[in-house]
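Q: Sequence first, then the predicted structure, then my questions.
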Amino acid sequence: TTVSVWIPGDQLLLQHPAIQIAEEQTTREQIHIILIESLERLRLFPYQRKKIVLLLSAMRHYADRLRTEGYQVDYIQAKSFVEGLQEHARRIQPQQLITMAASEYDTRYLQQKELEKLIGIPVTVVANTQFLVELYSPFANRKETRHAVMEPFYRAMRQHYGILMDGKESPSGGRWNYDELNREPLPRQLSVPPIVTFAPDSITQEVIELVNTFENGVGTTTHFEYAVTHEQAQQALNDFIECRLSRFGPYEDAMSTQGSVLYHAQISLYMNIGLLDTMEILQAAEAAYRQEQVPIQSVEGFIRQILGWREYMYWQYWQQMPDLRTANSWNAQRPMPQMFWDGQTRMNCIKHVATRVLDSGYSNHIERLMVVCNFCQLAGVKPYDVAAWFLSCYFDAYDWVVLPNVIGMGLNADNGRTTSKPYIASGKYIDRMSNYCKGCTYSPNKRTGPDACPFNFLYWNFLIENETRLRAGRSNQNVLGLRHINDQERLEIIQEARQFLQDTLQF
Ligand code: SF4
């Protein structure tokens, strides 16, 4: 019997469960593996060109790997996934199609509800193995999951998977959480080791030429130097563990004009398309700790990002879809400011972050949360507009992570389901954690006046506008600061915020 396996481009797994199931049913020569470059999907947003190069080059390398392993590979360029699959079904006439559940809502909907009818052959959708929470869910037996929070989720995941544990109950090092040691700004004299880069091979060159013909998009394909194979991604991971993990913890929330990577791993782009395996990453990081190469605060901080934050985002996405896409509990109505699309602004922090994202596809997690999302929350930008900017510009941005991370965590627009209170801060926070303010025309120490940092009057304006709601939530601490602001200054804050939003956002 002929069996076809459809592998979406973000599922380039070395051990693919859909292929494994097909192997149980027929011989390798009878297995046709379908990979589709869908024009419709590639044009859903004006994507970061480097992101498209990464995705297509990784898909083409994956196809070559499968061919050398003896599979028939049907690599299709089509208008849409459906057209590609219909064309394949007509040509090959397989007895069935096997596919792994997509991590994104729309594609999974297509696989589970529509595909069989559309292609006229039986479709088997197997469980997704890219996320550990698909195999074990800490809150599965809870009736009320509305107020599930990340910390207990993370601890349960560590216990269940035995990651960084001494025995069944005790966290290694004696504590679950080292966050308070992990909030250091970058010292001036520290020079960060550069990350490993990869020169484009002929397959990547070909993809670059193709992507250069795309009219709409963000950034350029020049200086594309990312991993496109499993082996290269593994090298990138090893390099992180060897050279940067030991300092990841203390500086994970640091921001600098030097760059965004600093001591971060920059492996999310590989994980999110299946070039790296989550459990292998966790075990490699833990092994470095066991061999006393890295301190507990760093390894715990790193494992928290993956087994805690990343898995929790994915879990929240599936709890809240499809409503999450339109969630807007702060009723924010302004459009995404142009400065994020061109980097043209006098706000030094946003200028650096936006320019870097547009150019390279990356900024670190704290810049995403406390510069971009913080600004957009304070300025009342529509949640889905912010999400669309992320989806377009970041090379690791996919629906399952952007919607909970931006709409839920960053903008608190899902009625507090992802995080119970908004992540908001004034310019003082950015000044403490970065060197952006030193080169800025605005002053992080002024609340009002012509050179006051916009984060400051927007922050206080947000507190004034939402005082009652914030008091009722978990943000009482922030609101307490309003006691020190007299009526006259309140008025100035409101007026300056209004003026700034009108001038800068043309709204
Ligand atoms: Fe950003 Fe304000 Fe600092 Fe300027 S002063 S870099 S706008 S936080």
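A: The structure has been received and is ready for your questions.
Q: which residues are in contact with stretch 11-29?
A: Applying Cβ atoms under 8 Å, 6 or more residues apart in numbering, the contact partners of stretch 11-29 are 1-3, 5-7, 31, 33, 58-59, 62, 69-72, 98-100, 102-103, 124, 126-127, 129-130, 230, 273-275, 277. (C-beta placed from N, C-alpha, C; glycine too.)
Q: How far off centre is it?
A: How far stretch 11-29 lies from its chain's middle: 28 Å, per Cα atoms, centre = their mean, to the nearest Å.
Q: Tell me the buried residues in it?
A: By 16 or more other Cβ atoms under 10 Å, the buried positions in stretch 11-29 come out as Gln11, Leu12, Leu13, His16, Pro17, Ala18, Ile19, Ala22.
Q: With pLDDT, secondary structure and distance to Leu44 added, can I get those residues in JSON lines?
A: Below are the buried residues of stretch 11-29 laid out as JSON lines (pLDDT from 0 to 100; DSSP: H, G, I helix; E, B strand; the rest coil; distance: Cβ to Cβ, whole Å):
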{"residue": "Gln11", "pLDDT": "98", "secondary structure": "coil", "distance to Leu44": "18"}
{"residue": "Leu12", "pLDDT": "98", "secondary structure": "coil", "distance to Leu44": "19"}
{"residue": "Leu13", "pLDDT": "98", "secondary structure": "coil", "distance to Leu44": "23"}
{"residue": "His16", "pLDDT": "98", "secondary structure": "coil", "distance to Leu44": "24"}
{"residue": "Pro17", "pLDDT": "97", "secondary structure": "helix", "distance to Leu44": "26"}
{"residue": "Ala18", "pLDDT": "98", "secondary structure": "helix", "distance to Leu44": "24"}
{"residue": "Ile19", "pLDDT": "98", "secondary structure": "helix", "distance to Leu44": "27"}
{"residue": "Ala22", "pLDDT": "97", "secondary structure": "helix", "distance to Leu44": "29"}
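Q: export those to CSV and tack on distance to Gly380?
A: Formatted as CSV, the buried residues of stretch 11-29 follow (distance: Cβ to Cβ, whole Å):
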residue, distance to Gly380
Gln11, 37
Leu12, 39
Leu13, 41
His16, 44
Pro17, 44
Ala18, 44
Ile19, 47
Ala22, 50
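Q: For Asp239, state which of those is nearest.
A: Within the buried residues of stretch 11-29, the smallest distance to Asp239 is 20.4 Å, found for Leu12 (Cβ to Cβ).
Q: hang on, the earlier thing: now, which of the contacts of stretch 11-29 lie within strands?
A: Val3, Val5, Trp6, Ile31, Ile33, Gln72, Ile98, Thr99, Met100, Thr124, Val126 (DSSP state E).
Q: Kindly state the beta-bridge partners for the fourth one.
A: When you say that, I think you mean Ile31. Per DSSP bridges, the residues bridged to Ile31 are Val3.
Q: How much space separates Glu215 from Leu85?
A: For Glu215, the distance to Leu85 equals 27 Å [Cβ to Cβ, to the nearest Å].
Q: Run a quick neighbour tally on Tyr429.
A: Tyr429: 19 surrounding residues under other Cβ atoms under 10 Å.
Q: before we move on, the earlier item: out of the ones in strands among the contacts of stretch 11-29, which touch the ligand?
A: Filtering the ones in strands among the contacts of stretch 11-29 for proximity to the ligand by Cβ under 6 Å from any ligand atom leaves nothing.
Q: Now rank those by neighbours and give me the top one.
A: When neighbours are counted by other Cβ under 10 Å, Val5 leads those with 29 neighbours.
Q: Run through the residues that contact that one.
A: Neighbour list for Val5: His16, Ala18, Ile19, Ala22, Ile31, His32, Ile33, Ile34, Leu97, Ile98, Thr99 [criterion: Cβ under 8 Å, 6+ apart].
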